[in-house]
Each structure stands twice: as C-alpha cells, then as structure tokens.
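Asks: Fold the following and give me the result.
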Amino acid sequence: MAPRSRKVRVLATLGPASSTPEMIRKLFLAGADAFRINMSHGAHADKVPLVVAIRALEEELGRATTILFDLQGPKLRVGKFADGKVMLETGAPFVLDRSPEPGDATRVELPHREIFEALEVGARLLLDDGKLVLRVLAVAPDRVETIVEVGGALSNNKGLNVPDVVVPMAALTEKDRADLTFALEQGADWIALSFVQRPEDVAEAKKLIGGKAAVLAKIEKPAAVERLEEILELADGVMVARGDLGVELPPQRVPIVQKRIVATARRMGRPVVVATQMLESMIQAPTPTRAEVSDVATAIYDGADAVMLSAESAAGAWPEEAVAMMDRIAVSVENDPGYTARLHFTETLPDPTTADALSQSARSIADTISAKAIICFTLSGSSSRRIARDRPSAPILVLTPKLETARRVGLLWGAHAVRTKDVANFEEMVAKARRMAMRHQLAEAGDRIIIMAGVPFGTPGSTNVIHVQRLTGRELEGYDE
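Replies: Residues are numbered from 1 along each chain as shown. Next comes the predicted model:
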C-alpha cells in the first residue's frame, strides 16, 4: 500500500477498547503507524492475540508494522492504613517507616528500603500523583520524619514519587525481566524502558535484549533530564513521558523540558515520541478540546518523530476517532506553509562522517531540485535515521532485506520501510530504486529521486553513494515482484 501522506508517525496504545483484530485494523486504516502494548496491565496470555492480529494485518496489507512493548518499571507505593484511608492535615508531622503495621494519620509503612538510603533532609515526597506533598525533616535507616506541605486524603497503596534524589533502584524489576523475555519471544520491535534515571539503566536493558529489539528510554524523572545526552548516547530512541514527568516537575516546567528533549533527540539522531494526555478528553468525548489539538500540533511543529495515544485508544469510547483526529491534526500542520521553517528551528549538525555528510546533502538536493523521494538502501536502519534527522522535504523510502529493520523504522519521521531483496551492484540498485518509487506511488514519470546506499553492497554502516535519477515511466514494465 502507498505510504502515509504525512511524515510524523502515530503510535496507538492497545487495550480493552482496541483488542480485537477488527478494531486494530480500523486503527491502522485511521492512521496508526505503530502499536504500543502496555505491560502494566493484563496477563501475558492477553497480549498474544494482539501480536497475532498486528502481524496478520501486516501480512494482509504488505506493510511492515511496528510493535512497542512498554515495561512497567518499579512502582513506589506506601503501605496500607487501618481504616483504608486517612486525612493528612497541612502542617502536621507524618512518619514513613519500615513497620508493616497498618498506618494512621501519623505514620504509614514505606516498603522500599532503597528510598531510606537515598533521601536527604529537605527532599520532597509526592503522594497520589503529586496531590499531597511531604517535606523530609529527618532520615534514619528505618524511619523518615516529614511535615505535610500539601495535605489531603491518602488511601491504601497510593503511589509515591521522589523527584529530588536518584533512587538506587534498577529500572528493571523481576516482573519487567519476565515481561521483557515474553516481549522478545513475541518479536517486539521496540522496548520502552520506564523509570530511567541514569545511562546505566539503559545499558542494563540493552545487554539483556542483545540486539533483538530497539530500546526507547522513557524520560519521566528529573534525574533522567539532567543526564539526557548520556542516556541518548546509549538508547535507540526516547519518549517524553509527560505523565510522571508532570508529577515530579512543576506543570509549567513540562513544556520547556519537552522542547529540550525533542531538540536534543533530533540533534543526536534518535527518534523521539511525545506521549501522555495528548487527546485526553477523547477518552469520553468524540472530539478533543482546542487546547489538546494545539498541544499535538506543537509537538509536530517541534519535529517529534511520533505522537502517542494512551487511554484514548486503549480504553476510551472513541479509539478509532482519536487516531483519525491525530492523523488529521498532523496532516493539517504539515500542510502549513510555515511548517518547514518551524521544523528547522532546531539545527541538526552532521557528525564528521561520510554517511552524515551524504544525508545532509540529500536534504539539500531534495530541496533544490524538488525531488519526490529519497530512496535509502540499508541493512541496520542507521542510514534512514541519519536522513530522517535532517527532516528533508521529500519522503524517505527505506529498502531493506531485513524485516526487523523495516519494522523498527516505523517510529522514524518521514520513513516508509519496505522489505525487499538486497541488490548486488550499482545498476541493480538504480533499477530497483526507480521501480520501488513508482510502485509505492512516491514518484511518476518525469520526477527525480535521490538514491543513497553503501558500496560494497550488503555491508552495514557503509553509506557512501548518493545518486540522482529522473523517472521515465517505464520502470514497472516487465516486473511483477
């Protein structure tokens, strides 16, 4: 099938509202380019039919489709209360300790030894998604004394956020490790890693994954923002996870941090996904608020590779409509005459390599001669990432003999991946590029295309050829592949 007309990707989360093959198909046709499977909810057995449905759809439509498994990560929670719920008064003292005894309005169990080791006097503790705020007054090995700065109702097992310190916990819990094994068995294309605080968290995950999937680091902790470039050096991509980020940072800081993450990821050539509450009102309503539309548009103007739907497509009443709305917003923004200028506010300087120099040249040539497509031959996908980083005016047709590469490319801005046989020589490369540009309706007779590849062919990371061709219209004659 023909590529999408837009360049930004749409990532849709699957869940109770979108778990049937019929609905997954509707979401794809409405505009979903990739699907997220959230491991925070449900059993492994519930996820298998989702993968089967996506792969069947991929086979039916002949288009490589991306599956991202999102690991839960460690969840910090307080213990239980004798009456199930207490009211914490602003200005009152409150203690967190290691005792499993049910709590009351003066204390509660904190069953995470690592937090006691990390906390310092003056640090904040945020409870129930930041609705309550405690300030640490004193710390002992099994006891933390605090004062309630923002009070309210607190019930059993509510979540805890610790924004001011790095908690010495691994990003992967035992559950995550089991979920990761399952995801790799199911052929995951991307693994989203939650609770990333430092580059070592990404390194650990990549070691376990062993190249079987790409790693998307979720930036949801202030500590991760502080070490963003180090994390991106190791990660294959990044997600602006605005849910927890909006709990641990003041709300007014989130847009600033979002722009910094997107710009940094673009400069470093890593795909970046903007996620959480993008069309939140569409969980219940068939249309979004104007503010939500503006929020999505801002992420697209900033050059995000993908925008993500969470509960809107997973559990909402209007999953298909939410995807279609995301698609329409993206198409509208990309048709704005001022879009290209805004997109290039972020300067993406090439690294001093032949591949980067050619990628930057491809964008310049495409703009100068109005080329209709950039055809990229790649084994690993690295060439397509370099080209996408420059945000060229022409769409990118990624040709690869490896299905896993074609699937991973699904989160890249402007890229349409096709699995095809590798080429053996220059003449075959040119002929195939011309033919595929026609077949996938990216160009027609008289149009010019740009071809990028590496010689010798079949050698990963060897991009060293850029070639311009004009199509004659006879490219498909005699071919039925």
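Asks: okay, CA-based contacts and neighbour counts for the rest of this
Replies: Fine.
Asks: All the helices of the stretch 301-450 of the chain, residue numbers only.
Replies: 311-314, 319-334, 339-343, 354-369, 382-389, 403-408, 426-439 (DSSP state H, counting those that start in this stretch).
Asks: export those helices to a markdown table and tack on mean pLDDT?
Replies: A markdown table is the format used below for those (pLDDT from 0 to 100):
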| stretch | mean pLDDT |
| --- | --- |
| helix 311-314 | 97 |
| helix 319-334 | 98 |
| helix 339-343 | 94 |
| helix 354-369 | 91 |
| helix 382-389 | 93 |
| helix 403-408 | 97 |
| helix 426-439 | 93 |
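Asks: deepest of the ones you listed, which one?
Replies: Most buried of these, by mean neighbour count (mean count of other C-alpha atoms under 10 Å): helix 311-314, with a mean of 26.
Asks: Residues contacting that one, please?
Replies: 12-18, 279-283, 318-320, 322-323 (C-alpha atoms under 8 Å, 6 or more residues apart in numbering).
Asks: Residue 85: which of the helices of the stretch 301-450 of the chain is closest?
Replies: helix 311-314 (27.1 Å; C-alpha to C-alpha).
Asks: Quick one: end-to-end distance for stretch 106-126.
Replies: Its first and final residues considered, stretch 106-126 spans 16 Å by C-alpha to C-alpha, to the nearest Å.
Asks: ok, and for it, which residues are buried?
Replies: Within stretch 106-126, the residues scored as buried using 16 or more other C-alpha atoms under 10 Å are 107-112, 115-116, 118-120, 123-126.
Asks: Looking at those residues, which are in helices?
Replies: Counted as lying in helices by DSSP state H, out of the buried residues of stretch 106-126, are 115, 116, 118.
Asks: Next SSE downstream of the helix or strand residue 58 falls within?
Replies: Per DSSP states H and E: residue 58 is located in helix 44-61. The helix or strand immediately downstream of helix 44-61 is strand 66-70, counting by DSSP H and E.
Asks: Closest one to residue 155 out of the ones in helices among the buried residues of stretch 106-126, please.
Replies: Closest to residue 155, out of all of these and judged by C-alpha to C-alpha, is residue 115, at 20.0 Å.
Asks: give the contact list for the nearest residue to that closest one once chain neighbours are set aside.
Replies: Spatial nearest neighbour of residue 115, chain neighbours left out: residue 167 (6.0 Å); criterion: C-alpha to C-alpha, 6 or more residues apart in numbering. Shown in contact with residue 167 (C-alpha under 8 Å, 6+ apart): 114, 115, 118.
Asks: just the buried members of the contacts of helix 311-314?
Replies: 12-15, 17-18, 279-283, 318-320, 322-323.
Asks: The residues you listed in strands, which ones?
Replies: Counted as lying in strands by DSSP state E, out of the buried ones among the contacts of helix 311-314, are 12, 13, 14.
Asks: got those residues as CSV, with pLDDT columns?
Replies: Formatted as CSV, those follow (pLDDT from 0 to 100):
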residue, pLDDT
12, 98
13, 98
14, 98
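Asks: now, among these, which is nearest to residue 160?
Replies: So of those, ranked by how close each gets to residue 160 (C-alpha to C-alpha), first place is residue 13, at 24.8 Å.
Asks: And the pLDDT for the closest residue in space to that closest one that isn't next to it in sequence?
Replies: Spatial nearest neighbour of residue 13, chain neighbours left out: residue 36 (4.4 Å); criterion: C-alpha to C-alpha, 6+ apart. Looking at residue 36, its pLDDT is 98.
Asks: No further questions, thank you.
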